[in-house]
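*Asks:* Show me how the following folds:
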Amino acid sequence: MYEIYVETCGQNAQNQVNPAMFGKLVRLVFPDLGTRRLGTRGSASGDIVAFEKSTNYNRILQEEGAVEDLLMSFWKSLQQDAVMLLSLPDVCQLLKCYDAQLYKGIEDILLHDFLEDVSIQYLKSVRLFSKKFKLWLLSALEGFPALLQISKFKDALFFAQFVQEITEGEAGEEIRSSVDPYSSFLHL
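*Replies:* Reported below is the predicted structural model:
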């Protein structure tokens with residue numbers, strides 16, 4: 001995870017924290033997140049966080065309520081000190097790196113076979129999901145510091161607009177096969 005952070009955020013000439021500080025920040029923000037060590041302490045392998053990605057993209061659309069509940073419960077479960085940390089400009093920029101990966105992952109799940117024939121109804125469902133996701137996030141962040149709300153909403157808006165563009169006809173195929181749009185995401 002740290003390597004991805006360095007690679008993604010390093011392109012923006014942002015000050016980066018060292019691996020130990022990065023790990024502390026991740027554990028502070030996500031206290032229940034499980035980690036395991038690969039190799040010895042201090043080795044290049046370091047700690048990794050295990051994530052599971054579902055390949056059943058229809059399940060996400062069928063369980064929108066569960067996705068909304070997860071989003072809401074995650075943000076509402078954060079303690080005040082974690083919220084204040086997440087609201088710092090440098091941390092907002094760090095979160096932008098992870099949001100780019102999150103939205104790319106969602107896109108990959110929902111549109112992994114995009115170039116194959118998919119129904120118009122399915123594409124409409126994907127567009128609607130991306131719009132709802134934006135609204136769920138806005139609702140979950142109600143009462144949070146403005147900088148965090150604005151940063152997260154801009155990211156979700158970018159995602160929803162991107163999904164809208166790539167699911168609309170021939171223009172979508174051209175966009176989908178072009179340069180990775182999430183590289184520009186970090187400059188929002």
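*Asks:* Flag the shaky bits of the protein, pLDDT-wise.
*Replies:* Low-confidence segments of the chain, defined by pLDDT under 70: 1, 4-5, 8-15, 27-61, 113-117, 169-188.
*Asks:* What segments of this protein are strands?
*Replies:* Secondary structure of the chain by DSSP state E: the strands cover 35-37, 47-49.
*Asks:* what ranges do the helices span in the protein?
*Replies:* Along the chain, counting by DSSP state H, helices occupy 2-10, 19-29, 57-62, 64-77, 80-86, 89-110, 120-140, 146-166, 169-176, 182-185.
*Asks:* Is it possible to get TSV of the ones you listed that adds mean neighbour count?
*Replies:* Where you see a C-beta, it was placed from the backbone N, CA and C, and this is true even at glycine. As requested, the helices of the chain are arranged in TSV below (neighbours: other C-beta atoms under 10 Å):
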stretch	mean neighbour count
helix 2-10	15
helix 19-29	15
helix 57-62	14
helix 64-77	13
helix 80-86	14
helix 89-110	18
helix 120-140	17
helix 146-166	18
helix 169-176	12
helix 182-185	16
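*Asks:* these two touch, right, Leu71 and Ala140?
*Replies:* Yes: counting by C-beta atoms under 8 Å, Leu71 does reach Ala140; the two are 5.3 Å apart.
*Asks:* any common contacting residues for these two?
*Replies:* Common neighbours of Leu71 and Ala140, counting by C-beta atoms under 8 Å, 6 or more residues apart in numbering, are absent.
*Asks:* Would you enumerate the residues in contact with Leu148?
*Replies:* Leu148 sits next to 83, 86-87, 92, 141 when contact means C-beta under 8 Å, 6+ apart.
*Asks:* before we move on, what about Val83?
*Replies:* So Val83 contacts 144-145, 148 (C-beta under 8 Å, 6+ apart).
*Asks:* swap in Lys76?
*Replies:* Residues in contact with Lys76 (C-beta under 8 Å, 6+ apart) are Ala140.
*Asks:* one more time with 10 Å, if that's ok
*Replies:* Counting by C-beta atoms under 10 Å, 6 or more residues apart in numbering, Lys76 makes contact with 140-144.
*Asks:* now Glu63
*Replies:* Taking C-beta under 10 Å, 6+ apart as the criterion, Glu63 is in contact with 69-70.
*Asks:* quick one, phi psi at it?
*Replies:* Backbone geometry at Glu63, expressed as degrees, to the nearest 10, gives phi -120, psi 40.
*Asks:* how close does it sit to Leu70?
*Replies:* Noted for Glu63: a distance of 10 Å to Leu70, by C-beta to C-beta, to the nearest Å.
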